[in-house]
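Student: Sequence plus predicted model, see below.
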Amino acid sequence: MQDLEELYKLVLERKNNPKKGSYTDYLYTKGLDKILKKVGEEATEVVVAAKNPDRNELIYETADLLYHVMVLLAEQKVSYDEIKKELAKREGLMSKTKDRPEITDL
Ligand SMILES: N=c1c2ncn([C@@H]3O[C@H](COP(=O)(O)OP(=O)(O)OP(=O)(O)O)[C@@H](O)[C@H]3O)c2ncn1[C@@H]1O[C@H](COP(=O)(O)O)[C@@H](O)[C@H]1O
């Protein structure tokens, strides 16, 4: 079983102790621009998959995206705890949709 935090720890471990030949090491070696390109591609694949009736595609592409986002966070030295704290700050926040001007140009 692997949750997102465990996945983050694993890719951070790959950052601190490179495992030559691993895909994660390949991404770090290529650098930030390559990681960003992958995040962009995988995000697009999630969008395309969401329009596909096969929900397994969406699950598969979402897992790909989450993995590449975890690599990006580790590369940029953002800890998983910082993301958790940011999410926690939002707990219980009410969206103020009624104060927001209606979007009419869609
Ligand atoms: N969750 C993942 C994961 N999701 C996707 N991928 C890889 O992401 C790549 C995405 O496929 P693409 O076809 O888009 O990319 P590609 O053609 O292989 O390569 P490029 O386009 O980047 O050149 C595949 O090679 C997948 O193997 C992952 N690779 C690793 N993990 C996890 O990270 C752990 C460590 O992996 P290694 O560092 O490879 O040992 C693994 O045990 C997994 O738990």
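Tutor: Sure, I can see it. It should be emphasised that the depicted structure is a prediction, and the values quoted were computed from it without experimental measurement. Numbering: from 1, shown residues only.
Student: sec struct for the most centrally placed residue in the chain, please.
Tutor: Centroid-nearest residue in the chain: Val69, 2.9 Å away (criterion: Cα atoms, centre = their mean). For Val69, the assignment made with DSSP: H, G, I helix; E, B strand; the rest coil gives helix.
Student: Please apply the same query to Lys19.
Tutor: coil.
Student: Could you check the pLDDT of it?
Tutor: pLDDT, the model's per-residue confidence, is 94 for Lys19.
Student: List the contacts of it.
Tutor: By Cβ atoms under 8 Å, 6 or more residues apart in numbering, Lys19 lies in contact with Asp25. Every C-beta, even on glycine, is put in place using the N, C-alpha and C of the backbone.
Student: residues of the helix or strand where Gly40 lies that come out buried?
Tutor: Gly40 belongs to helix 32-50 when elements are defined using DSSP states H and E. Using 16 or more other Cβ atoms under 10 Å as the burial criterion, the residues of helix 32-50 that qualify are 35, 38-39, 42, 45-46, 49.
Student: so which of those also contact the ligand?
Tutor: Restricting the buried residues of helix 32-50 to those near the ligand by Cβ under 6 Å from any ligand atom leaves Lys38.
Student: Cheers, nothing more for now.
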